[in-house]
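# no sequence for this one, just the structure:
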């Protein structure tokens with residue numbers, strides 16, 4: 001590694017240099033804060049060793065300035081006046097570690113190994129994020145909107161902690177993507193990230209998926225099974241749409257949050273758990289609490305850090321940059337030579353309300369790339385509700401026919417659901433009937 005030593009004692013710097021160069025590191029010496037800042041302003045270092053006392057200067061006062069110039073630098077504070085208070089203060093101000101004098105070459109080697117391991121983990125996280133962006137194009141969380149930027153800033157501050165985070169927002173706003181990003185920027189990034197979709201199963205099956213079960217716990221339980229809590233040990237458990245968690249499971253989740261304890265289904269043995277909980281919801285949990293559908297104490301436990309993602313219709317500055325990012329992604333996948341959106345499409349995108357949010361935008365762009373045969377995506381390549389939006393007033397009680405009302409309702413449901421099957425389920429009809437109605441109304 002490229003290492004900077006900041007110490008006012010020349011003899012100690014020489015000893016330091018000898019030990020570090022023996023370990024094959026490259027060493028630069030700074031005798032005071034001015035020289036350290038000069039080096040940092042035009043050179044890159046992997047690690048720095050900073051003495052707490054630099055003549056009349058205090059190393060702790062220099063630490064924030066060092067990290068301002070080099071945010072990725074791992075700084076180890078060294079001192080002959082070691083106390084618990086100074087160690088805590090050094091870590092609070094951003095130090096990577098704390099080393100009391102005198103220390104041995106072996107202690108120095110262990111500190112550098114921890115730094116190297118942390119840097120490898122971060123490199124792995126960066127690589128995983130790149131892979132996720134390649135597979136899931138909406139994982140790009142760049143934004144020009146102040147409300148979205150504020151939400152991401154809160155998430156970024158919460159990521160390095162073990163605090164429980166509640167992600168709020170409409171379906172399709174990217175809560176799952178943000179949950180993975182929080183995990184990737186946490187100290188638990190090297191451990192599993194597990195998702196439990198709360199609306200997907202019955203209470204009995206959901207309890208088994210969460211906590212696991214033992215053989216014979218219920219019909220079909222032919223072997224012991226570890227639940228997502230056990231599989232995510234040391235990592236992160238993401239509870240998607242927590243507002244749909246059955247009432248019978250809410251006290252068990254509360255216990256997991258409070259005591260880090262749980263039992264598998266059909267087992268009396270209590271197990272300890274080390275998982276971080278992230279949760280998401282598109283529901284008004286306060287209203288559910290008032291109605292008795294959601295435990296108030298569970299809401300307080302989940303809502304330690306709250307991050308609210310705005311709907312896409314409130315992110316007008318982001319719509320075209322997201323659309324262009326998605327266009328580039330799907331064009332690369334398809335091998336087509338599609339270069340841009342026509343001005344008419346841009347206008348349509350900016351006036352449409354996007355009830356399905358980023359998920360709907362992704363589906364629209366993917367469809368457009370498949371259908372487009374020109375250098376630019378045109379209105380003919382878009383779904384009718386975007387290319388030819390319905391005239392105002394098509395709502396319950398308006399002066400429109402039942403056919404117009406049904407067509408508009410089907411159009412809106414299709415826009416907010418990922419598949420035909422899920423749309424048909426919401427509409428209370430089978431998929432073949434929905435197909436015929438789409439054909440009839442030109443949807």
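Okay, I see it. Keep in mind that this is a model prediction, so the values were computed, not measured.
# the helices in the stretch 1-150 of the chain, which residues?
All helices of the stretch 1-150 of the chain, identified by DSSP state H, counting those that start in this stretch, fall at 10-22, 33-42, 59-69, 84-92, 105-135, 146-158.
# nearest to residue 301 among those would be which one?
helix 146-158 (15.1 Å; Cβ to Cβ). Any C-beta I mention is one placed from the backbone N, CA and C, and that applies to glycine too.
# now that closest one: average pLDDT?
What helix 146-158 shows for mean pLDDT is 94.
# tabulate the helices of the stretch 1-150 of the chain (CSV), appending mean neighbour count and distance to residue 202.
Output for the helices of the stretch 1-150 of the chain, formatted as CSV (neighbours: other Cβ atoms under 10 Å; distance: least, Cβ to Cβ, whole Å):
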stretch, mean neighbour count, distance to residue 202
helix 10-22, 14, 60
helix 33-42, 15, 58
helix 59-69, 17, 50
helix 84-92, 14, 46
helix 105-135, 14, 31
helix 146-158, 16, 32
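# please name whichever of these is nearest to residue 373.
Comparing the helices of the stretch 1-150 of the chain under Cβ to Cβ, the one sitting nearest is helix 105-135, at 26.0 Å.
# quickly list the domain ranges of this protein.
2-119, 141-310, 313-441 (automatic domain parsing).
# for the stretch 1-150 of the chain, give me the ranges with low pLDDT.
Filtered on pLDDT under 70, the stretch 1-150 of the chain yields the residue ranges 82, 124-140.
# if we can go back for a sec, for the helices of the stretch 1-150 of the chain, could you give me TSV that also reports distance to residue 281?
What follows is the helices of the stretch 1-150 of the chain, written out as TSV (distance: least, Cβ to Cβ, whole Å):
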stretch	distance to residue 281
helix 10-22	51
helix 33-42	44
helix 59-69	35
helix 84-92	33
helix 105-135	23
helix 146-158	15
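# so which of those comes closest to residue 293?
Judged by Cβ to Cβ, the one of those that comes nearest to residue 293 is helix 146-158, at 26.0 Å.
# could I get the full set of helices for the stretch 201-350 of the chain?
So, for the stretch 201-350 of the chain - with DSSP H, counting those that start in this stretch - the helices run 203-211, 228-231, 250-259, 285-290, 296-302, 316-334, 343-351.
# format these as a markdown table; extra columns: mean pLDDT.
What follows is the helices of the stretch 201-350 of the chain, written out as a markdown table (pLDDT from 0 to 100):
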| stretch | mean pLDDT |
| --- | --- |
| helix 203-211 | 89 |
| helix 228-231 | 91 |
| helix 250-259 | 95 |
| helix 285-290 | 94 |
| helix 296-302 | 95 |
| helix 316-334 | 91 |
| helix 343-351 | 92 |
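# for those helices, which one sits closest to residue 222?
Nearest to residue 222, of the helices of the stretch 201-350 of the chain and by Cβ to Cβ, is helix 203-211 at 12.7 Å.
# in the closest one, which residues are buried?
206, 207, 208, 209, 210, 211 (16 or more other Cβ atoms under 10 Å).
# reformat the helices of the stretch 201-350 of the chain as TSV; add distance to residue 173.
As requested, these are exported to TSV (distance: least, Cβ to Cβ, whole Å):
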stretch	distance to residue 173
helix 203-211	24
helix 228-231	23
helix 250-259	23
helix 285-290	16
helix 296-302	18
helix 316-334	11
helix 343-351	17
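# since that was my last question, I'll sign off now.
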